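sequence and predicted model, in that order:
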Amino acid sequence: MMAVAALPPKRLPQKQTAWKSYSDWANEHRKWLFAAPAMIFVAVLIAFPLGWTLYLSLTDASGSVRAESEFIGFENYADVLTDTERFWPAVARTFVFTAVALTVQLVLGMAIALLLWRPFKGEKWVRVAILLPLVATPVAVGMMWRLIFDPNIGFANQLLGFVGIGPQPWLSGQYSALPTVIFIDIWQWTPMVVIILLAGLTSLSDEPDEAARIDGASAWQRFRFVTVPLLMPTIIVAILLRSIDALKTFDLLYATKGRGGGSFHEVETLNVYAYGLSFDYNDYGVSSTVLIIFFIIIVAVMFLLTRRRKEVQK
Amino acid sequence: MSLAEPKLIRPGSDRAALSGAPARRRKPFRTRAYKVFRAVALIVVVAAFIAPLVWMFLASLKTNVDIYDASKTLVFTPTTANYETVLGRNNYLSFVFNSFWVAFASTVLSLIIGIPAAYSMSRFAMRRSALVVLMARIIPGVSLLVPWYYVFSNLSMVGGYSVLILSHMFVALPLIVYILMSYYDSMPLELEEAARVDGLTHIGAFLKVTLPLSVGGIATASILAFIFSWNNFMFALVLSGADTKTLPVAIFNFVAYASIDWGGLMAASVVVTIPIMVIALFTQKYIVSGLTAGATKG
């Protein structure tokens, strides 16, 4: 690198020198030259908004984004953190949604991945089928399930009718809405877990399993004490990716239940709550406060998960 | 090391692992009972994932009267009326165009700044810098939307394509950087070094050797970036105008008013889903490798 940079000025004709020195400079600094545009793009689109959100959370901004607002210190935080009507239930729903969806997705995903692990006829078509929910547009998925779960004309209740069970309110019920949206999330995102775990399974070496087999371990023992521990890094990746998205779920909830997560806020998670405060009610000060708290929660969860991931790797 | 020991392989053990082929087991499972169990289980799984989509498609071919009629669940006279109304009304085709244009432009622009970034971050192991880009994936989009809305509306950009493309780049870029980083991580340096010996500059070697060799990874990244941008709802919900609405927003607006035209709604949902499904059918390998990029390295 040094030699290349040092040689050219002597050898080349005058007119090429300018271009050559640019090119040398670019090659010398390519590390940052290459990385900078993407980093600057993301940083600019993040840094300023986060700072502004932090500032807004300390004001009583509301009404219009351009309206005058007053600095009120931590009043919003006091209000939000003592709000047991909307805020804390939203926090609870966010965690219930994420925890339940994630758990079921992991169990189901692992079961399906094990089914697909060894080669069989028609493998390709099964994979395609599993990929379809994953790529389907979430809003369309929400609409599709709205029709299926419609209390009067939905297929879900027709199906229950066949087996003699009365119609259920599904999405429209105050207590059944959250389980129903969790079900939809499971339908759409289990394939993601399957694909990740299958990739992990496929890259596992055969030997430990063989050794355990020779030692007389049963299928369950081999799965529990050989496959799962070896697969742990991949499982953590799946948990990491899925929890980032599950905590932030918006499309599905807003598409199925609309503003405020339904009339009883039955599916109002932090994300839906914050969105509603910002764009349905224009309550920017409070919404910024919720967002800052939400942000802290997400970063904390990610931090804990990545630390766990590093422990597993050791 | 393993190259020196080929003779030690026991008969029947997996030679594929040594020949560099994927370590996947090629030994089929033995028992008949398991085969039957697996076939049944797979049918159930496939049905569970496919049936709702089939249901959506069937409903889009029914009149609203037939949708309300439980006896016409599977047997009915298909009609294209829903598609005619949907596509004929509200410039629906222009929403299709908006979605395509925004997804396409944001993918291409993200590739332009994302490919070099991924290359550099992989080559020079810039893990902390990569984390900056990953933040875009972690931060909830809502927390950025109010400030964005404020700034972009002051710049009179809200309602235009540029702001939508920028916001969708925010979705596409981290995907592209992460997929390509893991792609470049696994690419051998030797070819590039050979090009350097032949007199190319570092950047020249990247452009003429590395870039053409990474077409597969770039394809994977572009397909996924396009899909995620196409499916994105929240950014467009806030930042698009009446003329620049993308398909998910247009579908959402369908139900904002009194009674739902289910047939039309399902036809609209099919219209937004079909392009993505077709892409998925033909590129499933790329999608899978993109979604699992980096997952197995731990």
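Sure thing, it's come through. Numbering: from 1, shown residues only, chains lettered A, B, ... in the order given.

tell me the centre residue of the chain?
Since you didn't name a chain, this refers to chain A. Nearest to the mean C-alpha position of chain A, counting by Cα atoms, centre = their mean, stands A:D245 at 1.1 Å.

switch to chain B, that's the one I care about
By Cα atoms, centre = their mean, the most central residue of chain B is B:L224, 2.8 Å off.

quick check: the gap between it and B:L131.
20 Å (Cβ to Cβ, to the nearest Å). In this view, the C-beta of every residue, glycine as well, is placed from N, C-alpha and C.

same question, B:M234
For B:M234 relative to B:L131 (Cβ to Cβ), the value is 23 Å.

ok, these two, which is more surrounded?
B:M234 (24 against 11; other Cβ atoms under 10 Å in any protein chain shown).

residue contacts, that one?
A:F250, A:D251, A:Y254, A:Y275, B:G141, B:V142, B:L145 (Cβ atoms under 8 Å, 6 or more residues apart in numbering or on different chains).

again with A:D150
A:N157, A:W170.

look up phi and psi at it.
phi -60, psi 130 (degrees, to the nearest 10).

which SSE is the residue in the stretch 151-300 of chain A positioned nearest to chain B in?
Residue nearest to chain B within the stretch 151-300 of chain A: A:P233 (3.2 Å; Cβ to the nearest Cβ). Per DSSP states H and E: A:P233 is located in helix A:228-247.

got a list of contacts for that helix?
A:94, A:97-98, A:101-102, A:105-106, A:109, A:185, A:189, A:192-193, A:196-197, A:199-201, A:204, A:208, A:270-271, A:297-298, A:301-302, A:305-306, A:308-309, A:312-313, B:137-138, B:140, B:294-296, B:298.

in which helix or strand does the spatially closest residue to the residue nearest to the centre of chain B that is not a sequence neighbour reside?
In space, and not counting its chain neighbours, B:L224 is closest to B:G290: 4.4 Å by Cβ to Cβ, 6 or more residues apart in numbering or on different chains. Assigned by DSSP H and E, B:G290 belongs to helix B:284-291.

give me the buried positions along that helix.
Going by neighbour count (16 or more other Cβ atoms under 10 Å in any protein chain shown), the buried part of helix B:284-291 is B:Q284, B:Y286, B:I287, B:V288, B:S289, B:G290, B:L291.

which other helices and strands does that helix contact?
helix A:123-135, helix A:177-202, helix B:215-231 (3 or more Cβ pairs under 8 Å, 6 or more residues apart in numbering or on different chains; DSSP states H and E).

rounded mean pLDDT for the second one, please.
Okay, so that is helix A:177-202. Averaged across helix A:177-202, the pLDDT comes to 94.

which strands or helices does it pack on?
helix A:87-117, helix A:123-135, helix A:138-148, helix A:228-247, helix A:251-257, helix B:32-60, helix B:284-291.

and those: which comes nearest A:S263?
A:S263 sits nearest to helix A:251-257 of all those, at 8.8 Å, using Cβ to Cβ.

gap between that closest one and the chain center?
15 Å (Cα atoms, centre = their mean, to the nearest Å).

using PDB, list the CA coordinates for the helix or strand following it.
Sequence-wise, the next helix or strand downstream of helix A:251-257 (DSSP H and E) is helix A:270-275. Provided in PDB are the C-alpha atoms of helix A:270-275 (Å, rounded to 0.1, in the frame of the first residue of the first chain):
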ATOM      1  CA  LEU A 270     -46.800   0.500  23.600                       C
ATOM      2  CA  ASN A 271     -46.200   1.000  19.900                       C
ATOM      3  CA  VAL A 272     -49.900   1.400  19.100                       C
ATOM      4  CA  TYR A 273     -50.400   3.700  22.200                       C
ATOM      5  CA  ALA A 274     -47.400   5.900  21.200                       C
ATOM      6  CA  TYR A 275     -48.600   6.000  17.500                       C
END
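
lowest confidence element among the helices and strands of the chain?
You didn't pick a chain, so chain A it is. Across the helices and strands of chain A, the lowest-confidence element by mean pLDDT, DSSP states H and E is helix A:2-6, at a mean of 49.

oops, I was thinking of chain B
Lowest-scoring helix/strand for chain B, mean pLDDT, DSSP H and E: helix B:64-68, at a mean of 81.

helices or strands next to the helix or strand just after that helix in the packing?
Note on helix B:64-68: by DSSP H and E, the next helix or strand toward the C-terminus is helix B:81-88. Packing contacts for helix B:81-88, counted by 3+ Cβ pairs under 8 Å, 6+ apart, involve helix B:262-282.

now the helix it packs on: mean pLDDT?
On average, helix B:262-282 scores 91.

next one: stretch A:142-154
89.

output the helices and strands packed on helix A:177-202 in TSV, with distance to B:F124 appended to each entry.
Formatted as TSV, the helices and strands packed on helix A:177-202 follow (distance: least, Cβ to Cβ, whole Å):
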stretch	distance to B:F124
helix A:87-117	35
helix A:123-135	33
helix A:138-148	36
helix A:228-247	24
helix A:251-257	36
helix B:32-60	42
helix B:284-291	23
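
so where's the longest helix in chain B?
In chain B, assigned by DSSP state H, the helix with the most residues is helix B:92-123.

just checking, what packs against that one?
helix A:30-56, helix B:127-138, helix B:161-185, helix B:215-231, helix B:247-254, helix B:262-282.

try it again at 7 Å.
Secondary-structure packing of helix B:92-123 (3 or more Cβ pairs under 7 Å, 6 or more residues apart in numbering or on different chains; DSSP states H and E): helix A:30-56, helix B:161-185, helix B:215-231, helix B:247-254.

buried stuff in the first one?
It stands for helix A:30-56. So for helix A:30-56, counting by 16+ other Cβ under 10 Å, buried means A:30-31, A:34-36, A:38-39, A:41-42, A:45-46, A:49-50, A:52-53, A:56.

just the second one next, same as before
By neighbour count with 16+ other Cβ under 10 Å, helix B:161-185 contains the buried residues B:161, B:163-184.

got any ranges where the chain has weak pLDDT?
No chain in the question, so chain A it is. A:1-16, A:65-67, A:314 (pLDDT under 70).

ah, I was thinking of chain B
B:1-30, B:90, B:256-258, B:297-298.
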